[in-house]
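**Student:** 3D model of this:
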Amino acid sequence: MTTKEYIGTGRRKTAVARVKLLPGKGKVIINNRTAKDYFGNLPALEMTIVRPLVLSQKESEFDVRVKVRGGGISAQAGAINHGISRALVLLNEENKELLRSEGLLTRDPRVKERKKYGQKRARKRFQFSKR
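**Tutor:** From the prediction side, this is the model:
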């Protein structure tokens, strides 16, 4: 028996998520843990993850299996969101315009700027002293 799976790769900052959508009941498994266990007491991140499924009305039709690494948990949630959105587009091309209008297919390009030499941080300078 072969089950149809839809795979999407999502990225945010330095986090990369490999997402598989499998036919099921709506369970979300992240790095072999449930979403509630993985994100602890941050339900906003759980809602961020399932937003593409809720918009396309597929939250109870698919199980989501995710391998994610890099970044912090907020960036990982954004990467998972992006990956699920891409997988839903593979599932049905009609989802594309809905998810695009919500901004879920656009990869957020903002990453941390590197620290420059002779400065305290990326843009902050050391205090100037005239004398």
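
**Student:** Can you check what pLDDT the model gives Met1?
**Tutor:** Among the per-residue scores, Met1 holds a pLDDT of 46.

**Student:** helix/strand/coil for the spatially most central residue of the chain?
**Tutor:** Most central residue of the chain, judged by C-alpha distance to the mean C-alpha position with CA atoms, centre = their mean, is Ala79 at 2.1 Å. Classification of Ala79 by DSSP: H, G, I helix; E, B strand; the rest coil places it in helix.

**Student:** For the remainder of this discussion, apply numbering that starts at 786.
**Tutor:** Taking 786 as the first residue, the last one we looked at is Ala864.

**Student:** if I pick it, what's in contact with it?
**Tutor:** Gly795, Arg796, Arg797, Ala800, Val801, Ala802, Val853, Gly856 (CB atoms under 8 Å, 6 or more residues apart in numbering). In short, each C-beta sits where N, CA and C put it, glycine included.

**Student:** So which of those residues sit within strands?
**Tutor:** Among the contacts of Ala864, the residues falling in strands (DSSP state E) are Gly795, Arg796, Arg797, Ala800, Val801, Ala802, Val853.

**Student:** about what we covered before: out of the contacts of Ala864, who's nearest Thr819?
**Tutor:** For the contacts of Ala864, the minimum distance to Thr819 (CB to CB) is 13.8 Å, reached by Val853.

**Student:** On the strand side of things, show who the closest residue to the closest one other than its chain neighbours bridges to.
**Tutor:** Using CB to CB, 6 or more residues apart in numbering and skipping residues adjacent in sequence, the residue nearest Val853 is Ala802, 4.1 Å away. Judged by DSSP bridges, the bridge partners of Ala802 are Gly795, Val853.

**Student:** Same question for the one 4 residues further on.
**Tutor:** On the basis of DSSP bridges, Leu806 is bridged to Tyr791, Val849.

**Student:** what separates it from Arg910, distance-wise?
**Tutor:** As for Leu806, its distance to Arg910 is 48 Å (criterion: CB to CB, to the nearest Å).
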